[in-house]
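Colleague: got a sequence here, can you build the structure:
(2 chains)
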Amino acid sequence: MTPSAQLRLLLFRSLREGGRNPVLAYALPIIIPLAVLVLVAKTLYRVTDLPGFPTSNYAEWMTPAIIMLTAMTGVGYAATSLVVDIQSGFLDRLRLLDVRPVALLMSRVLFDVVRVVPAGAVLLVVGLLLGTNLEEGVLGVVLLFALLVLWAAAYGGLYFVVALTTGNAQAPLALAPLFLPLQFISTQFVPHSLLPGWVQAVSAWNPFTYMVDAARAMTTGPMTLAPVAKAVAVAVAMLVVTQTASLRAYKRATGGL
Amino acid sequence: MNARFAIEVDELTKQFAGGVRALDGVSFTVDEGEVFGYLGRNGAGKSTTVRILTTLLRPTSGTARVLGHDVISDAGAVRKVFGAALQEAALDELMTGREHLEMAARLAGLDKARSRERAAELLESFGLRAAADRIAAGYSGGMRRRLDVAMAMVRRPEVLFLDEPTTGLDPQGRRAVWDLVRDLRDSGSTVFLTTQYLAEADDLSGRVAVVHDGRVAAIGTSQELKDQLGTTTVRVRVSPADEHRIREAVAPNVVAPVAGGWLEITIEGGEAAVPAVVGHLTGAEVHVDRLSVHPPSLEDVFVRLTGTQIETSAGGADVGKITAVRRGLGVPTGPGR
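Modeller: Numbering: from 1, shown residues only, chains lettered A, B, ... in the order given. This next block holds a predicted model:
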């Protein structure tokens, strides 16, 4: 069986498993971003009165960022499942059947990616109901979801590195709160110009900042090349680094066999 | 390399991080079509050997080949010719029995229709048809084990590794595994069977390797091992006054009193020497109330080689399970797998 056929088969296995566990697999990624969006839009809306705030509808300001946030609250399930496979011996069974490491890891990464799409869609609809305007139309939305899945794969890579390095199913869970500080040291809540100086400096090193900026460009506009290209470059670099590291950790754990 | 060996192991060692030496220079060969028993107690190195032979674990040194393919440099080719059921039944709790088998068949290279057929066949022959569409989380220990062995069979392996396949099974499940091994033997497959049950090794295997402390302590057919290493005893019940005359009559064979007024005579020269000893008893003109002959058992051999006492489990005399009762020799506490 070719590695790509293995990948399809394993992805199908994950999706079927997710279907048996729909709350954990598909509903959970929605809850936190939805709560943040609705609460923030309904409690902190006067923030837009600050001089220099680019919009008068805070929900509109928040929606693109919150859609990107679903990637960070949604991933992790797949990495934990991978460790469960290691502990149960099921991974050994797959290795005996000559499943290639790349097919194994990619099937899990893609599962995380798929799980984020319904979450992103729900948040987009809620954002529209709260008055968000999609200035960049359908093309912008398509690009937004493309960036969302890329970001989910890149950010989810952190979980795989931790999962495979520690071999502990609980360890990836420790990464879950990471999205909290990353939100605050980005442009999610307020524009760059309103961030304190030191946060401005730190936010330039926060990959999430680039996702938020690009997501805004793709939805509320204006869509220019620079933020989109930067976001794609950052996410691709993060994906390559994390997946290379998790493949190495996998090979170390299996003795390269 | 010699193609007529199904398995060829040369000076295999495995030192785990942390210093546990699980294998300490293991060498043996298994012929094609042979059922080879690998007998040892927990921690002896059985599972480590299996994991190396099935390409899951890299040895520290030494070589191993399965049907001529090196398990390290040619792992991909090795994986195509064997099936294996490892010590722990390796299941996905959220997948049904049928889904396990269909997925394994697809990964083994069967097309969709053929995979469905093969899964149905295996579910039937492993007695899992009724549970086929339930998820594995609800399976009993015996059902899990049967499903695991069935997964090892999806592509009709040329060499089958079974790592303690009957541990934890009820008598019916055990019998089903034994029948499978006999069927495979009859159809010419090679089976590498690790076990801690002596009767299993005795009944099913052509040759047996007794592994202890990461080394092969002895190897041969069960009969050869018994002949070389076992002891034949004759027990007689006589009146206590005659004990001395018995000792003189059968010397230099050693006589020791055992429970119930019996004397146990350890026969030098094995079963062949029994008639002569009985002749001496007759010549000594003592009244022998009762007499019984005890041929050597694999259990004797095992005790002799490993210094480990064997306890017959509550399951009956046919399952002499080795327990970790130490006798003199230091028994390592290595990793279980």
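Colleague: nearest spatial neighbour of the residue of the stretch 1-150 of chain A found nearest chain B, skipping sequence neighbours?
Modeller: Using C-beta to the nearest C-beta, the single residue of the stretch 1-150 of chain A nearest to chain B is A:G89, 3.4 Å away. In this view, the C-beta of every residue, glycine as well, is placed from N, C-alpha and C. Spatial nearest neighbour of A:G89, chain neighbours left out: B:A90 (3.4 Å); criterion: C-beta to C-beta, 6 or more residues apart in numbering or on different chains.
Colleague: quick one: pLDDT of the one you found?
Modeller: If you check B:A90, the pLDDT there is 87.
Colleague: ok, B:T29 - contacts?
Modeller: Contacts for B:T29 (C-beta atoms under 8 Å, 6 or more residues apart in numbering or on different chains) come out as B:F5, B:I7, B:E8, B:V9.
Colleague: which residues touch the first one?
Modeller: By that I understand B:F5. For B:F5, the contacting residues are B:T29, B:V30, B:D31, B:E32, B:R65, B:G68, by C-beta under 8 Å, 6+ apart.
Colleague: cutoff 10 Å now
Modeller: By C-beta atoms under 10 Å, 6 or more residues apart in numbering or on different chains, B:F5 lies in contact with B:F28, B:T29, B:V30, B:D31, B:E32, B:E34, B:R65, B:V66, B:L67, B:G68, B:T190.
Colleague: before we move on, which element is the residue nearest the centre of chain A in?
Modeller: Centroid-nearest residue in chain A: A:A71, 2.2 Å away (criterion: C-alpha atoms, centre = their mean). In the assignment (DSSP states H and E), A:A71 maps to helix A:58-74.
Colleague: got the phi/psi numbers for the residue nearest to A:A176 when sequence neighbours are not counted?
Modeller: Nearest non-adjacent residue to A:A176, counting by C-beta to C-beta, 6+ apart: A:G76, 6.3 Å away. Here is the backbone geometry of A:G76 (degrees, to the nearest 10): phi 110, psi -30.
Colleague: contacting residues for A:G76?
Modeller: A:28-29, A:112, A:115, A:155-156, A:158-160, A:162-163, A:172-173, A:175-176.
Colleague: cool, and A:L34?
Modeller: By C-beta under 10 Å, 6+ apart, A:L34 lies in contact with A:I66, A:T70, A:T73, A:A119, A:V122, A:L123, A:V126.
Colleague: coming back round to it: I'd guessed the residue of the stretch 1-150 of chain A closest to chain B sits against B:T54; true?
Modeller: No - using C-beta atoms under 10 Å as the test, A:G89 is too far from B:T54 to be in contact (12.0 Å).
Colleague: intersection of neighbour lists for those two?
Modeller: B:L86.
Colleague: among the two, which residue is more densely surrounded?
Modeller: Neighbours per residue, other C-beta atoms under 10 Å in any protein chain shown: of A:G89 and B:T54, the larger number sits with B:T54, 26 against 18.
Colleague: against B:T29, how distant is B:T54?
Modeller: B:T54 sits 17 Å away from B:T29, going by C-beta to C-beta, to the nearest Å.
Colleague: likewise A:L9?
Modeller: Counting by C-beta to C-beta - A:L9 and B:T29 are separated by 37 Å.
Colleague: and what of A:R93?
Modeller: Separation of A:R93 from B:T29 (C-beta to C-beta): 27 Å.
Colleague: which bits of chain A sit near chain B?
Modeller: Contact residues (C-beta under 10 Å from any C-beta of the partner chain) of chain A with chain B: A:1, A:5-6, A:8-10, A:12-13, A:16-21, A:81, A:84-85, A:87-100, A:103, A:254-257.
Colleague: kindly recompute the last result at 6 Å.
Modeller: Proximity of chain A to chain B, by C-beta under 6 Å from any C-beta of the partner chain, involves residues A:1, A:9, A:17, A:20, A:89-90, A:92-93, A:96-98, A:255, A:257.
Colleague: which of those residues count as buried?
Modeller: Neighbour-count burial (16 or more other C-beta atoms under 10 Å in any protein chain shown) applied to those gives A:M1, A:L9, A:E17, A:G89, A:F90, A:D92, A:R93, A:L96, A:L97, A:D98, A:L257.
Colleague: could these go into CSV alongside pLDDT and secondary structure?
Modeller: Below are those laid out as CSV (pLDDT from 0 to 100; DSSP: H, G, I helix; E, B strand; the rest coil):
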residue, pLDDT, secondary structure
A:M1, 85, coil
A:L9, 95, helix
A:E17, 89, helix
A:G89, 89, coil
A:F90, 93, helix
A:D92, 92, helix
A:R93, 93, helix
A:L96, 92, helix
A:L97, 92, coil
A:D98, 90, coil
A:L257, 80, coil
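Colleague: identify the farthest-apart pair in those residues.
Modeller: A:E17 and A:L257 (26.0 Å; C-beta to C-beta).
Colleague: contacts only, for the residue in the stretch 51-200 of chain B positioned nearest to chain A.
Modeller: Going by C-beta to the nearest C-beta, chain A is nearest to B:A90 of the stretch 51-200 of chain B, at 3.4 Å. Residues near B:A90 by C-beta atoms under 6 Å, 6 or more residues apart in numbering or on different chains: A:G89, A:F90, A:D92, A:R93.
Colleague: check the secondary structure at it for me.
Modeller: Of the three states, B:A90 takes coil under DSSP: H, G, I helix; E, B strand; the rest coil.
Colleague: phi first, then psi, for it.
Modeller: Backbone torsions of B:A90, given as degrees, to the nearest 10, read phi -100, psi 90.
Colleague: cool, and B:V236?
Modeller: phi -130, psi 150.
Colleague: could you measure from it over to chain A?
Modeller: Distance from B:V236 to chain A, counting by C-beta to the nearest C-beta, to the nearest Å: 53 Å.
Colleague: pLDDT value on that residue, please?
Modeller: So B:V236 comes in at 86 (pLDDT).
Colleague: you'd agree it is up against B:H287?
Modeller: No - between B:V236 and B:H287 there is no contact under C-beta atoms under 6 Å: 10.2 Å.
Colleague: the two: which is more packed in?
Modeller: Using other C-beta under 10 Å as the criterion, B:V236 and B:H287 rank with B:V236 on top: 23 against 8.
Colleague: got the contact list for that one?
Modeller: Taking C-beta under 6 Å, 6+ apart, we find B:V236 in contact with B:L263, B:V288, B:L291.
Colleague: out of the residues you listed, which end up buried?
Modeller: The buried subset of the contacts of B:V236 - by 16+ other C-beta under 10 Å - is B:L263, B:V288.
Colleague: next, the buried residues of stretch B:81-97.
Modeller: For stretch B:81-97, the neighbour count (16+ other C-beta under 10 Å) marks B:81-92, B:94-97 as buried.
Colleague: repeat that for stretch A:231-241.
Modeller: Of the residues in stretch A:231-241, those buried by neighbour count under the rule 16+ other C-beta under 10 Å are A:A231, A:V232, A:V234, A:A235, A:M238, A:L239.
Colleague: what mean pLDDT does it have?
Modeller: Mean predicted confidence for stretch A:231-241 is 96.
Colleague: could you list the domains of chain B?
Modeller: Using automatic domain parsing, the domain ranges for chain B come out as B:5-91+B:139-226, B:231-294.
Colleague: B:K112: which of the ones you listed is closest?
Modeller: Of the domains of chain B, nearest to B:K112 by C-beta to C-beta is domain B:5-91+B:139-226, at 13.8 Å.
Colleague: how far away from the center of its chain is the closest one?
Modeller: 8 Å (C-alpha atoms, centre = their mean, to the nearest Å).
Colleague: on that earlier part again, from the contacts of A:G76, pick the one nearest chain B.
Modeller: Closest to chain B, out of all of the contacts of A:G76 and judged by C-beta to the nearest C-beta, is A:R115, at 15.4 Å.
Colleague: could I get the full set of strands for the stretch 101-250 of chain B?
Modeller: Here the stretch 101-250 of chain B has its strands, by DSSP state E, counting those that start in this stretch, at B:159-163, B:190-195, B:207-212, B:215-221, B:232-238.
Colleague: make a markdown table out of those strands and add distance to B:V250.
Modeller: Supplementary listing: the strands of the stretch 101-250 of chain B in a markdown table, determined by distance: least, C-beta to C-beta, whole Å:
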| stretch | distance to B:V250 |
| --- | --- |
| strand B:159-163 | 44 |
| strand B:190-195 | 37 |
| strand B:207-212 | 30 |
| strand B:215-221 | 28 |
| strand B:232-238 | 8 |
